[in-house]
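Asks: Here is my input, please return the structure:
(one chain, ligands or ions: 1)
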Amino acid sequence: MLEKRSNDFVATGQKIACITLDLEQDYGRVDTYNTFDRINELCEIVKAHDIKLTAFIVGKILDQRHGVVDALSGVGTEFELHSYSHDLVTPNDFSDEVQKSKKAYIDYFGVPPLGYRSPQCRVSPQHFEVLARQGFVFDSSVVPSWRPGVYSNMSAPSLPYYTNGLIEIPFSVIPAIHLPLTMSYIKVFGKMYRFLLTAFGFPRVLIFNFHLHDIFSTASLNQLPFAYQIFHRRNAKNALEMLKRFFILLKHKGYEFLHMKRLVEMI
Ligand SMILES: [Zn+2]
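Replies: Model (predicted):
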């Protein structure tokens, strides 16, 4: 395994932000798509802030819900894959999910995908090998942090690295405290999040992630287990404003927004 943990591919002083959206059913587990009704609001923000959005899309959406794909395509979104079914209750065979989602991608776009992100960021070296064999160039599933019962990657590199035949582009975390740079954590921590980011510093290559259900609250929320509802209701009314303020903060800090495939070319 060859690892590369340096900033070598980034010019001195350059700061890069990849804004990623995991595009899936509501809350990743409810069999509804109410958040898709608000897609134009997101497209307006992407346009207004000149974001180069990368969407990791669930394959069955490519087969069944073309409206949301067309709307995001209209604002220059890059699409990569996020499994075929995103079934968190009875997870399917990884290889099968990869193959089915790749077929849906090629049927829709006419070209093969470059990147993959696993639901709930669950990946292993065997998964990387499957992706490499299927012709994927990069994966972006590793969170160099710890989430009880989901992942434990505290010692994983925080910068892109080569592993098992492909490039892994990990989620960014706030240095030293390993708090993931995701919209869900911004909502949970509120103003404290900005303080922590300022105190511990911004990574020069910043991979940020959000979901539609992080910014648009819908009736589907009531179908979640109660503990999840409490988590998702925190700062739900302010979420869209918080996301916009985060984009403004990144621009103010000198970040250049790039699609992930452009970052991969640089690496
Ligand atoms: Zn997901």
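
Asks: how near is the residue of the chain found nearest the ion to Tyr105?
Replies: Across the chain, no residue is closer to the ion than Asp22, which sits at 4.2 Å (Cβ to the ion). C-betas here are computed from N, CA, C, even on glycine. In this structure, Asp22 and Tyr105 are 15 Å apart, going by Cβ to Cβ, to the nearest Å.

Asks: Tyr33 too?
Replies: Taking Cβ to Cβ, one finds Tyr33 at 19 Å from Tyr105.

Asks: Show me which residues of the protein sit near the ion.
Replies: Residues of the chain lying close to the ion by Cβ under 5 Å from the ion are 22, 24, 28, 119.

Asks: Restricted to helices, list those.
Replies: Taking DSSP state H, every one of the residues of the chain next to the ion sits outside helices.

Asks: Give me the ChimeraX select line for those, limited to the buried ones.
Replies: Buried residues within the residues of the chain next to the ion, by 16 or more other Cβ atoms under 10 Å, are selected in ChimeraX with:
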select :22,24,28,119
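
Asks: Using a markdown table, lay out the residues of the chain next to the ion together with distance to Ile167.
Replies: Formatted as a markdown table, these follow (distance: Cβ to Cβ, whole Å):
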| residue | distance to Ile167 |
| --- | --- |
| Asp22 | 19 |
| Glu24 | 23 |
| Gly28 | 25 |
| Pro119 | 20 |
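
Asks: Same list (the residues of the chain next to the ion) but as CSV, adding pLDDT.
Replies: Below are the residues of the chain next to the ion laid out as CSV (pLDDT from 0 to 100):
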residue, pLDDT
Asp22, 98
Glu24, 97
Gly28, 92
Pro119, 93
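
Asks: Which single helix of this structure contains the most residues?
Replies: helix 94-109.
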